[in-house]
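whatever this is, show me its structure:
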Amino acid sequence: MGGQGREGYFTNPVVLSDVPDPDVVYDGRQYYMVSTTMYFAPSVPIMRSSDLVHWSIAGYTGPVLDDTDALALRNGENAYGQGSWAASIRHHDGTYYVSVGSLTTQKTYIYSTPSVEHGPWTRSVLDGYAHDQSLLFDGDDATSSTAVGRSTCAGSAGPTTGRSSGTARRRGSSRTRTSTRPAGCRRRARTPTRSATTTTCS
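Numbering: from 1, shown residues only. You can find the predicted model right below:
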């Protein structure tokens, strides 16, 4: 998919499809893109391009985002207008990471893989919906922070990490809620320049 005009030019729309909130990463060979896919399945699709004009589906983070009645259209439930929003994709030290929040499950999912096309994918789940979050890397540590929304504590998982309990604090509130973050993550102390608590993963 994608539009190409005469050499050196392209035509809009580049992708003749609904691809809102795109996030793109370049690994030195290919560009990979994720976006908001809402209630569509399977899970989070990842698109691939060599020139930012011609795009194709490279793979998915998994067959389903989560096994819930709403996402599976069971028992009269549906996820219309909800599902997964504004995924983030990064490439760091040979590993690809995708994070995405779900309005349906009110959780945030962190996926990692050595290969977008071939997998395997590892999934970690954080309690709390992180809206428009982004994955950031600080040296050898990975930090997932929330740009907009209430859940400000999240972390990224390495290929073999599991889960451990932690807490997430609502921005502007003294309420603390239980969260789940990947093993190997640690809480960073709050500093005057940091407006939200973050979790780093080694």
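
drop to CA atoms for contacts and neighbour counts, all remaining ones
Will do.

what's the helix or strand for Tyr80?
Following DSSP states H and E, there is no helix or strand that holds Tyr80.

for the nearest residue to it once chain neighbours are set aside, what are its contacts?
Of all residues not flanking Tyr80 in the chain, Tyr39 sits nearest, at 5.7 Å (C-alpha to C-alpha, 6 or more residues apart in numbering). By C-alpha atoms under 8 Å, 6 or more residues apart in numbering, the contact set of Tyr39 is 71, 79-84.

so what's Thr113 closest to, chain neighbours aside?
Using C-alpha to C-alpha, 6+ apart, the closest residue to Thr113 is Trp121 (4.8 Å).

same question, Trp55
Ser49 (4.8 Å).

for the protein, which segments count as helices?
69-72 (DSSP state H).

show me the shaky parts of this structure.
Along the chain, segments meeting pLDDT under 70 span 1-7, 140-202.

need the strands for this protein, in chain order.
With DSSP state E applied, the chain shows strands at 23-26, 31-34, 45-49, 56-60, 84-92, 95-102, 107-113, 122-127, 133-138, 141-146, 163-169, 176-182, 185-187, 199-201, listed in chain order.

quick revisit: show the buried residues in the contacts of Tyr39.
71, 79, 82-84 (16 or more other C-alpha atoms under 10 Å).

what is the nearest of those to Asp127?
Ser84 (14.3 Å; C-alpha to C-alpha).

report the beta-bridge partner residues of the closest one.
Applying DSSP bridges to Ser84 yields these beta-bridge partners: Met38, Ser102.

tell me who's in contact with it.
Ser84 sits in contact with 36-39, 44, 65, 100-104, where contact means C-alpha under 8 Å, 6+ apart.

Gly81 too?
38-39.

now swap in Pro42 and tell me
Contacts of Pro42 (C-alpha under 8 Å, 6+ apart): 60, 62-65.

separate out the buried members of those residues.
60, 62, 65.

for the last one, give me its contacts.
Contacts for Leu65 (C-alpha under 8 Å, 6+ apart) come out as 41-44, 71, 84.

next: the first one.
Counting by C-alpha under 8 Å, 6+ apart, Tyr60 makes contact with 42-46, 116.

I'd like to know which of the contacts of Tyr39 is nearest to Trp55.
Using C-alpha to C-alpha, those come closest to Trp55 at Ser84, 20.9 Å.

from Val53, how far off is that closest one?
25 Å (C-alpha to C-alpha, to the nearest Å).

residues contacting the closest residue to Thr95 other than its chain neighbours?
Closest residue to Thr95 apart from its sequence neighbours, by C-alpha to C-alpha, 6+ apart: Pro114 at 4.7 Å. Applying C-alpha under 8 Å, 6+ apart to Pro114 gives the contacts 94-96, 120-121, 159.
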